[in-house]
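Q: After the sequence you'll find the predicted model.
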Amino acid sequence: MPVEPTPRRRRLGTEIRRAREALGWSQEEAAQQLGYKALSTISKIENGTQGVKLQVLPHFFEVLQIHEEARRSQWRELVRRAAEPDWHQRYQGVVDDPLSDYLTEIEEALDLFHWDPGVLHGLLQVPEYERAIIEGSRAWTTADDIERFIAMRAEHRQVMAERQPPLKIWAVIPEGLLRQEVGGRPAARAQVEHLIDLLRGDPNTTIQILPLSAGAHAGMDGPFMLMSFATGSDTVTIEATRARLHLTDSESVEVYRTTSNHLKSDALGQKASLSLLKTIAKELAS
């Protein structure tokens, strides 16, 4: 019987597909190995339209050769929480399906690399900056939609702040973005000062500034996020105004991993980044 393809079911389906492909099996071969009579069953599971019961997971582990306890634990958690209401269901009208997938994925991730020449990552934003971004960059039907979206962001930020282990964030931020007076000079200054506090005192957040003097760099192709998981598998998310693209194939992920490494090399180190942030904050205060 078909089920709602929630983000966690889709995530589990992605993990099962990766395990199948690592063994070199087609979906039909995997269905036979797992004992399913209907060869389309694996396709449905991988698409998130058919659930997997907790009691059959040991059989999946054995057949698909999932030996690492970290991977087994995450699969169990995805199955246990598969039917929980997702962000799309709870905030209908302000959270679309792709965003809901991302919000759920980042709750499961261990590490996040972020590059975006246009906006800071939501988990790094202060309220004044966040509101200015939301009001200025999205097409809202009503003012209430804006408030609901801000409330959703606040709830998600709280979920992320309380999760264990904490998410490790590595952000490379272009200097020009920090000089953009989003929300006015006081809001822009508050945002830069917040980044200074994070750089100084948050062991789970790494911030590097890409100076204007860097010239041409590896990130000129556009924004992306690279997330790593306990399973050892990574996902790349590329955002646009009306869509989000999730890349999970190893070849594409490796391209973006190389790009992230180049950006880290092109950007200033922690000490120099802190010095530049202080300079920008001082200029915004004048």
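A: That came through fine.

Q: Assumed Q208 was part of a strand.
A: Yes - according to DSSP: H, G, I helix; E, B strand; the rest coil, Q208 belongs to a strand.

Q: partners of it in the sheet?
A: Beta-bridge pairing for Q208 (DSSP bridges): V172.

Q: quick one: contacts for it?
A: For Q208, the contacting residues are 170-173, 264, 267-270, 273, by C-beta atoms under 8 Å, 6 or more residues apart in numbering. No exception for glycine: its C-beta is placed from N, CA and C like everyone else's.

Q: if you set the cut-off to 10 Å instead, what comes out?
A: 170-173, 199, 263-270, 272-273 (C-beta atoms under 10 Å, 6 or more residues apart in numbering).

Q: List the ones among these that fall in helices.
A: 199, 263-266, 270, 272-273 (DSSP state H).

Q: Compare those and tell me which is most surrounded.
A: In terms of neighbours by other C-beta atoms under 10 Å, the ones in helices among the contacts of Q208 top out with S273 at 23 neighbours.

Q: wait, what's in contact with it?
A: 172-173, 175, 195-196, 199, 206-211, 267.

Q: Now do the contacts for the nearest residue in space to R157 that is not next to it in sequence.
A: Closest residue in space to R157, ignoring its immediate chain neighbours: L123 at 6.3 Å, by C-beta to C-beta, 6 or more residues apart in numbering. Applying C-beta under 10 Å, 6+ apart, we find L123 in contact with 106, 112, 114, 153, 156-157, 160-161, 167, 169, 171, 198, 205.

Q: How is A132 assigned, secondary-structure-wise?
A: Relying on three-state DSSP, one would call A132 helix.

Q: what about it, neighbour count?
A: 18.

Q: distance of it from E155?
A: A132 sits 20 Å away from E155 when distances are taken as C-beta to C-beta, to the nearest Å.

Q: if we can go back for a sec, T141: which of the ones in helices among the contacts of Q208 is nearest?
A: L263 (36.6 Å; C-beta to C-beta).

Q: On the pLDDT front, check the closest one for me.
A: For L263, the model assigns a pLDDT of 97.

Q: and the closest residue to it other than its chain neighbours, how far is that from M220?
A: Closest residue in space to L263, ignoring its immediate chain neighbours: V172 at 4.5 Å, by C-beta to C-beta, 6+ apart. From V172 over to M220 the distance is 13 Å, taken as C-beta to C-beta.

Q: neighbour-wise, which of the two wins?
A: V172 (26 against 9).
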